[in-house]
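**Student:** predicted model follows, preceded by the sequence.
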Amino acid sequence: MVGERRRVTRGARLPASFFERSPDVVAPDLLGAWLVSTAGGVETGGVIVEVEAYLGSDDAGSHAATHGITNRNAVMYGAPGMAYVYFTYGNHHMVNLVCAPNGTAGAVLVRALEPLLGIDEMATRRGGKAVRDLCNGPGKLAAALGVDLSDNDTALGEGRLAVYDGEHPARDRIACSGRIGLSAGHERDLRWYVEGSTFVSRARIGPVVRSPRRIKEAAE
């Protein structure tokens, strides 16, 4: 454990209308909100401290940068307020929150949480990792929350995942950068994180390097 968990107020569940905006507008507004899972009948989760926005077909880093709708990216074109979960790097699930009006592709990838709920359960799922390392990467947080492909295309608040309002950081604590682990589109400033948070991922921005170590870092 890293010190004593701080007390943070969890507000009302965010409605689908919150997500019915462009992902690059929704993403910074999610910092300070809660992502909560009830997988396995146990409530786990924490406060969102790092996100990335993924836009439509003109965003080279997005799954929507294809010649139309595919089986994989169809959820991104669907109703806002849905979970878009996919499996990647052969070992990791990724949790995305679908944004933008129905018919327009967009999503926000949740990259890191400050763990606050169900710490013991998350530590068990993560092999006994320290609190600081439970959710400081998208693959890590999905594992800690017990997320799998059964959560894909489920409505937030109706399935196992929900997002609640919280205590948002001051604007001067919100930093912006390029995205992490992409072969294209990494240079766009579509990543936001809480500056100074020890729970932000440690992966480096910039183009993905095809080495097993860097691939693992980007996913985690």
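**Tutor:** Yep, that arrived.

**Student:** list the contacts for the spatially most central residue of the chain?
**Tutor:** The C-alpha lying nearest the average C-alpha coordinate of the chain belongs to residue 110 (CA atoms, centre = their mean; 1.0 Å). By CB atoms under 8 Å, 6 or more residues apart in numbering, the contact set of residue 110 is 30, 35, 48, 50, 51, 95, 96, 97, 138, 141. All C-beta atoms are positioned from the backbone trio N, CA, C, and that covers glycine.

**Student:** pretty sure the second one sits in a helix.
**Tutor:** No - with DSSP: H, G, I helix; E, B strand; the rest coil as the criterion, residue 35 is located in strand rather than a helix.

**Student:** could you give the average pLDDT over the helix or strand where residue 97 lies?
**Tutor:** Secondary structure assignment for residue 97, by DSSP states H and E: strand 92-98. Here strand 92-98 scores 97 as its mean pLDDT.

**Student:** and the residue of the chain positioned farthest from its centre, how far from residue 183?
**Tutor:** With distances taken from the mean C-alpha point of the chain and given as CA atoms, centre = their mean, the most distant residue is residue 67, at 25.2 Å. Plainly put, residue 67 is 18 Å away from residue 183 if you go by CB to CB, to the nearest Å.

**Student:** now do residue 73
**Tutor:** Residue 73 sits 17 Å away from residue 183, taking CB to CB as the criterion.

**Student:** I figured residue 40 was touching residue 121, is that so?
**Tutor:** Yes - distance between residue 40 and residue 121: 7.4 Å, which falls inside the contact criterion (CB atoms under 8 Å).

**Student:** show me which of the two is the more surrounded one.
**Tutor:** Of the pair residue 40 and residue 121, residue 121 is the one with more neighbours under other CB atoms under 10 Å, namely 19 against 13.

**Student:** rewinding a little: so which of the contacts of residue 110 comes closest to residue 81?
**Tutor:** Of all these, the one with the least separation from residue 81 (CB to CB) is residue 97, at 7.6 Å.

**Student:** and the closest one, bridged to which residues?
**Tutor:** Note on residue 97: beta-bridge partners by DSSP bridges are residue 83, residue 108.

**Student:** ok, residue 52 next?
**Tutor:** In this structure, residue 52 has the following beta-bridge partners (DSSP bridges): residue 109, residue 191.

**Student:** residues contacting it?
**Tutor:** If you count contacts by CB under 8 Å, 6+ apart, residue 52 has them with 27, 108, 109, 111, 179, 180, 190, 191, 192.
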